[in-house]
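Trainee: test case, fold it:
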Amino acid sequence: MTASAVMVAGAHQAPGLNRRMASFIYEGLLLFGIGLIPGVIGALFVALTGHRHLLQSDASLRIITLLIYAVYFTWFWSGTGQTLPMKTWHLRVVTTQGQRLSQVRALMRFVASCAWFAPAALLSALNGWKGWQGLGAAAIGVVAYAMLALLHPQRQFWHDALCGTRIVDAKPAATA
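Mentor: Numbers count the residues shown, from 1 in each chain. As a prediction, the model looks like this:
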């Protein structure tokens, strides 16, 4: 096999799992900060008015936070194909044809990517797990889901395969 054939064969291979998981952890840190926004707004509302609003329940705050996350990811994935952590780790999400994601496809990818946490959240809810037990279930679920990428022919995550997207290398070209 020639060098160009090797490059073509490896063109659809995902960047290393270590790099993608480092970006995932960085993303989690950013999402933690973003997730505080609804709680801060609710606390300010109570402090200023002295009234508790219906939108301050745990369920509604979780739904609002999930909607904020959906807007965040849809915006960045359909725009540049990169969030800040993805830029840092030189990763980009594109369609399987290498094109920029539409907003619909980016939103679809966000919904499908909930597979990272949905099984652990369901298991925790069914068993009444709180605190460390729920966090432990989420951690095990994330590791298991990441390992499933090793079973994919191009080492892509399964939500990418489902949505017709893939993570690619976005390293800047070397200057002469």
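Trainee: chain center to stretch 102-110: distance?
Mentor: 12 Å (Cα atoms, centre = their mean, to the nearest Å).
Trainee: what's it in contact with?
Mentor: 69-70, 73-74, 77-78, 93, 95, 101, 159-160, 163-165 (Cβ atoms under 8 Å, 6 or more residues apart in numbering). The way it works is simple: take the backbone N, C-alpha and C, and place the C-beta from them, glycine included.
Trainee: can you check stretch 74-86 too?
Mentor: By Cβ under 8 Å, 6+ apart, stretch 74-86 touches 23-24, 26-27, 30, 72-73, 87, 91-94, 100-103, 105-107, 109-110, 170.
Trainee: related to what we said a few turns ago, name the nearest of the contacts of stretch 102-110 relative to Arg19.
Mentor: Val93 (13.8 Å; Cβ to Cβ).
Trainee: name the SS class of the closest one, please.
Mentor: strand (DSSP: H, G, I helix; E, B strand; the rest coil).
Trainee: and if you look at Leu48?
Mentor: Applying three-state DSSP: Leu48 is helix.
Trainee: burial of it, as a residue count?
Mentor: As a burial measure, Leu48 scores 8 neighbours (other Cβ atoms under 10 Å).
Trainee: and it, what pLDDT?
Mentor: For Leu48, the pLDDT comes out at 78.
Trainee: show me what contacts it?
Mentor: Leu48 neighbours (Cβ under 8 Å, 6+ apart): none.
Trainee: against Ile41, how distant is it?
Mentor: 11 Å (Cβ to Cβ, to the nearest Å).
Trainee: what does Gly50 give?
Mentor: Relative to Ile41, and taking Cβ to Cβ, Gly50 is found at 16 Å.
Trainee: quick one: which of those two has more around it?
Mentor: Ile41 (14 against 7).
Trainee: how long is stretch 98-109 end to end?
Mentor: 15 Å (Cα to Cα, to the nearest Å).
Trainee: excluding residues flanking it in the chain, which one is nearest the spatially most central residue of the chain?
Mentor: In the chain, the residue lying closest to the centroid (Cα atoms, centre = their mean) is Ser113, at 6.0 Å. Once flanking residues are discounted, Ser113 sits nearest to His159: 4.7 Å by Cβ to Cβ, 6 or more residues apart in numbering.
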